[in-house]
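Engineer: Using only what follows, build the 3D model:
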Amino acid sequence: MTQTQDEAVRPRDGATAGVPVDEPAQPYRIRRSTDAIRFAASLTGLAVVMLLVSFAQGTTHGLHADIQEGTAHAPRTLLSLATLVSSFGVLAVPIAFGIVRLFHKDGTRVAIALLAAMIAFGITVGLDDLSVRAAPGGVLDSLIWGGTETAPIHTDIAPVIAFVSAVGMAGRLRWQAATWTMIGLAALTGLTAAYASVAALAATYFLGRAIGHGTLYAVGTPNPRPPGSAVVAALERLGLRPVRAARLDGTPDGGEETRRYGVVLAPGPADGDAAPDRDGPGEWDRDGPGEWDLEVRVLDRDQQTAGLLYRVWRLLRLRSTTTGRALRSLRRSLEQESLMAYAVAAAGARTPRLVGTSEVGTEAALLAYEHVPGRRLADVPDEEITDALLTDVWRQLRAMQAGRLAHRRLQDGAVAVGADGRAYITDLRAGETAVGDLALRLDLAQLLTTLALRAGPERAVRTAAAVLGEEALAAAVPLLQPVALSRATRTALRRDRELLTRIREQIVRLKPETEVAPLRLERFRPRTIFSIVALSIAAYIVIPQVASLDVPTMAAAASWHWAAAALGGAALTYLAAAFMLMGFVPERLPLGRTVLVQLAASFVKLVAPAAVGGVAVNTRYLQRSGVRPGLAVASVGASQLVGLVTHILLLIMFGFLTGSTTKATQDLAPSRTIVIVVLSLGLLAGLALTVPRVRRVVASRLKSMFSGVVPRLVDVLQTPKKLFTGMGGTLLLTVGFVLCLDASIRAFGGSLPLTTVVVVFLTANAVGSAAPTPGGLGAVEGALTLALTISGLTAETATSAVLLYRLLTLWLPVLPGWGAFAYLQRREAL
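Structural biologist: Purely as a prediction, here's the structure:
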């Protein structure tokens with residue numbers, strides 16, 4: 001016989017009537033993240049159905065024909081019986097369940113479910129009566145096979161689905177089976193009677209679920225979490241004899257996923273079993289008065305989805321062996337933590353002893369641990385964290401790793417220090433058994449960082465090496481990266497951004513041959529998603545422009561001698577870029593190979609943002625040419641800094657020249673506008689730098705980019721020939737791109753003053769350098785086309801010129817750039 005929640009939480013024979021439970025009043029209604037997630041998922045499913053029927057109408061018609069053909073051979077008696085049963089049962093079963101819940105004093109939940117059913121009924125009737133006539137031939141017609149004899153939404157079952165979604169049948173498998181069987185039969189009869197299509201039934205399902213969960217989240221569901229008295233009753237069913245209980249504050253790591261209770265047991269045996277030994281190993285202390293025999297963790301069903309979106313994001317972003325499960329059922333969570341508690345104890349690691357587990361109705365479960373007086377490591381003052389304590393913590397980790405056990409949350413809230421000064425491993429809810437080497441190394445990296453945050457990198461590494469050995473620490477170095485650590489640890493690292501670097505340095509000192517390159521843990525980076533979105537927007541902007549062009553006519557009308565001149569300007573930029581790099585490197589570089597490096601950089605631009613690809617290639621080239629890494633970065637930074645300053649000065653100067661020499665382009669860059677824009681940007685930058693976090697980010701970026709630049713510039717200034725080469729290459733680079741753009745405009749019959757072309761190029765180049773897309777794709781095209789159109793060119797001429805310019809400067813060099821890249825790699829020049 002299935003035990004209902006009310007039966008499970010009712011005190012047995014009045015046993016808990018005299019047990020005081022000190023806990024704050026629980027809220028009557030709660031908004032569960034589960035309802036919001038399911039509401040969003042249902043809306044997503046509904047949108048997918050709409051998209052599918054919009055683009056797959058032929059499939060919809062074919063599916064309808066197959067169903068009609070299949071049901072034509074079904075026995076009519078069987079179909080009639082299914083229709084009769086579903087017509088009665090689709091309403092009778094949910095009503096019966098509602099009556100049962102009323103008898104169990106759950107009327108509020110039933111009222112919310114009825115509200116959801118009424119909303120669903122009103123929406124479905126409105127869709128069936130109004131939308132089909134309002135939009136013939138549209139998406140709704142696709143839902144109903146293009147006619148009006150069937151309904152786009154099944155009016156009979158949509159309210160039932162909303163009611164079932166809102167009333168809550170979790171843990172009541174028989175009621176769930178009966179209800180969904182009736183709904184399925186009603187859907188089948190709708191198909192056979194041509195009342196609704198498959199797509200309409202899918203839309204009905206998602207709409208009903210969305211309304212049910214949306215109503216629950218908007219109104220708030222009655223709090224299903226069992227109170228402390230129910231927890232005490234569950235402990236009694238385990239044969240324990242609680243005499244007092246109190247709610248403890250928070251979870252070990254400060255989260256909200258579990259409730260904790262401290263429990264005092266009656267002395268002497270209970271139901272033939274001895275009470276837990278208060279002097280034996282057990283759990284850590286809570287920060288409250290008195291001593292407890294047990295510490296009870298309560299797992300609430302509605303809290304199992306807390307932080308689900310973050311965990312799903314981590315699961316998608318990181319490789320499968322890096323993270324644990326994103327979602328576990330209540331039963332799965334209970335079993336997993338129980339297994340970990342027994343496995344950790346069996347491995348010889350010191351951990352609280354698990355006394356027992358039990359369900360608390362259908363909405364919660366508990367794990368009862370013995371209590372151990374003490375404190376969390378997070379609450380221990382720094383001066384009390386001795387080397388002996390750190391060594392003891394590492395011994396517990398060594399025992400766990402010997403048993404192939406991964407904790408996955410080795411933060412300072414998961415390590416406890418008992419009153420005897422010994423370390424205990426706690427908070428085992430995320431742990432896993434029989435794991436691979438990567439999970440064990442991740443635990444080691446996490447604990448290294450946790451202890452280094454409290455005791456410093458030197459002590460953390462030294463005590464770890466004494467217990468685990470240098471080889472084990474060396475294996476963790478590639479995993480010392482923020483993405484491999486917990487969220488709380490990453491937050492703590494913001495206060496000490498160099499901590500991971502110092503931990504690596506300490507390990508490398510012990511074992512100099514350690515591989516320090518980070519291990520790739522991510523499937524993709526957030527920047528990749530941003531780039532895909534940016535490319536999609538760029539394609540949305542650029543493709544319609546290209547599609548509207550008559551390419552054969554445009555090619556026939558183009559002036560090929562101007563196109564050849566544009567090609568010459570594009571080729572000149574590679575020579576200029578080589579001079580620019582050579583001028584800021586005191587060491588001698590061969591001109592031919594340096595030009596090939598710039599050509600290879602044009603290939604790399606397609607897989608990295610424009611401002612990043614060239615820097616990486618040039619830095620690597622200088623290192624391979626014998627320049628020390630620090631000086632190589634400084635040289636490239638010096639060339640980038642001079643290029644940036646030159647770019648800004650040229651933009652301001654030609655902006656003034658453009659505004660004062662021509663009336664046709666006053667809308668683009670008049671001198672007064674240039675002054676206002678520059679001053680406004682300066683003001684915004686100044687205001688942004690008043691924010692401490694922005695100031696720190698900018699300072700760290702500039703420090704990493706231009707560290708050592710000033711000494712390198714001093715070296716260049718001592719050699720006038722180098723200075724002339726570098727500055728000449730910087731100016732020649734701009735000249736080459738401007739000549740290419742101007743010739744591309746003239747190739748299609750357009751003409752603009754040279755000063756205007758310079759301003760247009762400098763503006764678009766700045767936009768492209770800031771854009772996160774490879775080669776500034778999309779951003780450069782949009783900026784150039786807009787600027788040229790404002791300057792007086794027709795949209796067709798501007799688009800044609802931009803396409804030719806980008807073809808010569810971005811796409812045409814790809815193949816020779818790839819060849820140069822491969823050649824330089826074979827020659828070990830890159």
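Engineer: Can you name every helix or strand that the helix or strand harbouring G190 contacts?
Structural biologist: Using DSSP states H and E, G190 maps to helix 173-192. When contacts are defined as 3 or more CB pairs under 8 Å, 6 or more residues apart in numbering; DSSP states H and E, helix 173-192 packs onto helix 57-72, helix 76-103, helix 158-167, helix 198-219. From N, CA and C alone the C-beta is placed, and that goes for glycine too.
Engineer: could those helices go into CSV alongside mean pLDDT, distance to L731 and mean neighbour count?
Structural biologist: Formatted as CSV, those follow (pLDDT from 0 to 100; distance: least, CB to CB, whole Å; neighbours: other CB atoms under 10 Å):
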stretch, mean pLDDT, distance to L731, mean neighbour count
helix 57-72, 61, 60, 13
helix 76-103, 80, 79, 15
helix 158-167, 90, 68, 28
helix 198-219, 90, 62, 24
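Engineer: I'd like those laid out as JSON lines, including distance to A465.
Structural biologist: Shown next, in JSON lines, are the helices and strands packed on helix 173-192 (distance: least, CB to CB, whole Å):
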{"stretch": "helix 57-72", "distance to A465": "63"}
{"stretch": "helix 76-103", "distance to A465": "61"}
{"stretch": "helix 158-167", "distance to A465": "56"}
{"stretch": "helix 198-219", "distance to A465": "52"}
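Engineer: For stretch 477-489, buried residues please.
Structural biologist: Buried residues in stretch 477-489, defined by neighbour count with 16 or more other CB atoms under 10 Å: V477, P478, L479, L480, Q481, A484, L485, S486, A488, T489.
Engineer: Export only the CA atoms of it, formatted as PDB.
Structural biologist: What follows is stretch 477-489 as a C-alpha-only set of coordinates in PDB (Å, rounded to 0.1, in the frame of the first residue of the first chain):
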ATOM      1  CA  VAL A 477      49.100  21.800 -12.500                       C
ATOM      2  CA  PRO A 478      47.300  21.800 -15.800                       C
ATOM      3  CA  LEU A 479      44.000  21.800 -14.000                       C
ATOM      4  CA  LEU A 480      44.800  24.900 -11.900                       C
ATOM      5  CA  GLN A 481      42.500  27.100 -13.900                       C
ATOM      6  CA  PRO A 482      39.300  29.000 -12.800                       C
ATOM      7  CA  VAL A 483      37.000  27.000 -14.900                       C
ATOM      8  CA  ALA A 484      37.900  23.800 -13.100                       C
ATOM      9  CA  LEU A 485      37.000  25.200  -9.700                       C
ATOM     10  CA  SER A 486      33.800  25.700  -7.900                       C
ATOM     11  CA  ARG A 487      31.800  28.900  -8.100                       C
ATOM     12  CA  ALA A 488      32.500  29.900  -4.500                       C
ATOM     13  CA  THR A 489      36.300  29.400  -5.100                       C
END
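Engineer: which residues are in contact with that stretch?
Structural biologist: Applying CB atoms under 8 Å, 6 or more residues apart in numbering, the external contacts of stretch 477-489 come out as 253-254, 310, 318, 322, 409, 411, 413, 441-442, 444-446, 448-450, 453, 490, 493, 500, 503-504, 507-508, 514-519, 521-522.
Engineer: Filter those residues down to the buried ones.
Structural biologist: Looks like the contacts of stretch 477-489 have 253, 318, 322, 409, 411, 413, 441-442, 444-446, 448-450, 453, 493, 500, 503-504, 507-508, 514, 519, 521 buried, using 16+ other CB under 10 Å.
Engineer: Just those: which are in helices?
Structural biologist: 441-442, 444-446, 448-450, 453, 493, 500, 503-504, 507-508 (DSSP state H).
Engineer: Closest to A111 out of those?
Structural biologist: Set against A111, the nearest of these by CB to CB is Q446 (47.3 Å).
Engineer: Name the residues of the helix or strand hosting L733 that come out as buried.
Structural biologist: Secondary structure assignment for L733, by DSSP H and E: helix 720-747. Neighbour-count burial for helix 720-747, with 16+ other CB under 10 Å as criterion, is recorded at 722-723, 725-727, 729-730, 732-734, 736-747.
Engineer: Heading C-terminal from it, find the next helix or strand.
Structural biologist: Next element after helix 720-747 (DSSP H and E): helix 754-770.
Engineer: in the following helix or strand past that following helix, what counts as buried?
Structural biologist: Using DSSP H and E, the helix or strand that follows helix 754-770 in sequence is helix 779-791. Neighbour-count burial for helix 779-791, with 16+ other CB under 10 Å as criterion, is recorded at A779, V780, E781, G782, A783, L784, T785, L786, A787, L788, T789, S791.
Engineer: who does helix 779-791 touch, helix- and strand-wise?
Structural biologist: helix 526-547, helix 754-770, helix 795-806.
Engineer: Please put the alpha-carbon coordinates of the second one into CSV.
Structural biologist: In other words, helix 754-770. The C-alpha coordinates for helix 754-770 follow below in CSV (Å, rounded to 0.1, in the frame of the first residue of the first chain):
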residue,chain,number,x,y,z
LEU,A,754,40.8,61.0,-50.4
THR,A,755,40.4,62.6,-46.9
THR,A,756,36.9,61.1,-46.6
VAL,A,757,38.1,57.7,-47.7
VAL,A,758,40.8,57.9,-44.9
VAL,A,759,38.2,58.8,-42.3
VAL,A,760,35.9,56.0,-43.4
PHE,A,761,38.7,53.4,-43.3
LEU,A,762,40.0,54.5,-39.9
THR,A,763,36.5,54.4,-38.4
ALA,A,764,35.7,51.0,-39.8
ASN,A,765,39.0,49.6,-38.9
ALA,A,766,38.5,50.7,-35.3
VAL,A,767,35.1,49.0,-35.2
GLY,A,768,36.5,45.8,-36.7
SER,A,769,39.4,45.7,-34.1
ALA,A,770,36.8,46.0,-31.3
